[in-house]
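Peer 1: just coords:
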């Protein structure tokens with residue numbers, strides 16, 4: 001009777017081959033990951049578009065947001081904009097960074113709405129249409145009128161401006177600034193006297209508006225007259241405006 005021969009298996013060899021393949025696959029994956037990481041961190045943002053900005057120029061926004069060594073790195077910028085708290089910028093409510101491509105982004109700016117500011121100690125307190133102080137700054141913001149003649153109590157950020165002498169003043173300010181904006185009249189300063197009547201300061205011109213009756217008509221007249229007063233210095237009296245007068249005459253006193 002013949003004995004059956006036992007053949008040794010090759011399990012050890014197979015396990016070695018499998019282990020080598022795993023090491024190879026791991027090495028390839030690690031290499032691809034490392035190469036991808038290197039490529040990502042080598043890509044830089046080269047083109048930046050800014051929209052929604054009025055108070056700041058495009059260059060100022062770029063300087064404020066992309067001021068660090070890594071800020072223009074595409075991967076780092078994406079991580080910062082998506083997963084970290086955004087920078088706090090004066091007069092900016094919020095912003096977002098939209099990637100159009102790895103090298104091109106759009107910065108969308110949402111500015112705080114301000115209609116004027118008052119001077120308090122060494123700061124300028126900016127308020128919105130409801131009289132809420134939304135920003136405090138040491139700089140005068142171009143295009144926002146300085147409002148004077150108000151008597152106010154305490155001034156706290158994100159709280160209403162407490163006006164003592166005229167509780168209806170913000171309605172007057174809002175109406176006036178809206179009418180000025182519609183007629184594209186730029187004003188440096190709005191002064192309210194003790195009777196609540198407004199004076200406008202435009203470069204070297206003072207405009208006496210009087211009370212807020214017929215405000216639209218007064219500002220429309222002002223818009224048409226201002227080109228004739230370019231380069232002059234003096235006071236224009238529009239407090240005599242009469243909407244029923246089809247051929248009005250106004251007094252301008254030179255200084």
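Peer 2: That came through fine. In this text the structure is predicted, and so the values were computed from the model without any measurement. Numbering: from 1, shown residues only.

Peer 1: how many neighbours does residue 206 have?
Peer 2: 18 (other Cβ atoms under 10 Å). Placement of C-beta: from N, CA and C, glycine included.

Peer 1: who does it form a beta bridge with?
Peer 2: residue 201, residue 235 (DSSP bridges).

Peer 1: against residue 198, how distant is it?
Peer 2: 11 Å (Cβ to Cβ, to the nearest Å).

Peer 1: enumerate the positions of stretch 125-132 that are buried.
Peer 2: Using 16 or more other Cβ atoms under 10 Å as the test for burial, stretch 125-132 gives 125, 126, 127, 128, 131, 132.

Peer 1: scratch that, stretch 147-166
Peer 2: For stretch 147-166, the buried set under the neighbour-count rule, 16+ other Cβ under 10 Å, comprises 147, 149, 150, 152, 155, 161, 163, 166.

Peer 1: residue contacts, the nearest residue to the third one once chain neighbours are set aside?
Peer 2: To tie it back to what came earlier, the one meant is residue 150. Nearest residue to residue 150 in three dimensions, chain neighbours excluded: residue 163, at 5.4 Å (Cβ to Cβ, 6 or more residues apart in numbering). Contact analysis of residue 163 by Cβ atoms under 8 Å, 6 or more residues apart in numbering lists 131, 150, 151, 152, 169, 170.

Peer 1: list phi and psi for residue 183.
Peer 2: phi -90, psi 0 (degrees, to the nearest 10).

Peer 1: touching, it and residue 218? I think so.
Peer 2: No: the pair residue 183 / residue 218 is not scored as a contact, 10.0 Å apart, by Cβ atoms under 8 Å.

Peer 1: between these two, which is the more surrounded one?
Peer 2: Remark: of residue 183 and residue 218, residue 218 carries more neighbours, 26 against 16, as counted by other Cβ under 10 Å.

Peer 1: how near is that one to residue 241?
Peer 2: From residue 218 over to residue 241 (counting by Cβ to Cβ), the distance is 5 Å.

Peer 1: give me the common contacts of those two.
Peer 2: residue 210.

Peer 1: can you map out the strands along the stretch 101-250 of the chain?
Peer 2: 104-111, 116-120, 123-127, 133-137, 146-148, 189-192, 198-202, 205-210, 234-237 (DSSP state E, counting those that start in this stretch).

Peer 1: by contact count, what packs against the third one?
Peer 2: When you say that, I think you mean strand 123-127. The helices and strands touching strand 123-127, judged by 3 or more Cβ pairs under 8 Å, 6 or more residues apart in numbering; DSSP states H and E, are strand 116-120, strand 133-137.

Peer 1: picking up where we left off before, name the nearest of the contacts of residue 163 relative to residue 60.
Peer 2: residue 131 (27.6 Å; Cβ to Cβ).

Peer 1: identify all contacting residues around the strand or helix carrying residue 252.
Peer 2: Following DSSP states H and E, one finds residue 252 within strand 251-254. Contact with strand 251-254 is made by 229, 232, 233, 234, 235, 236, 237, 240, as judged by Cβ under 8 Å, 6+ apart.

Peer 1: neighbour-wise, which of those residues leads?
Peer 2: So for the contacts of strand 251-254 (other Cβ under 10 Å), the most neighbours sit at residue 236, 22 neighbours.

Peer 1: quick one on the thing from earlier: turn the contacts of residue 163 into JSON lines, including distance to residue 48 and pLDDT.
Peer 2: Converted to JSON lines, the contacts of residue 163 look like this (distance: Cβ to Cβ, whole Å; pLDDT from 0 to 100):
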{"residue": "131", "distance to residue 48": "36", "pLDDT": "81"}
{"residue": "150", "distance to residue 48": "40", "pLDDT": "84"}
{"residue": "151", "distance to residue 48": "45", "pLDDT": "83"}
{"residue": "152", "distance to residue 48": "40", "pLDDT": "79"}
{"residue": "169", "distance to residue 48": "41", "pLDDT": "80"}
{"residue": "170", "distance to residue 48": "37", "pLDDT": "78"}
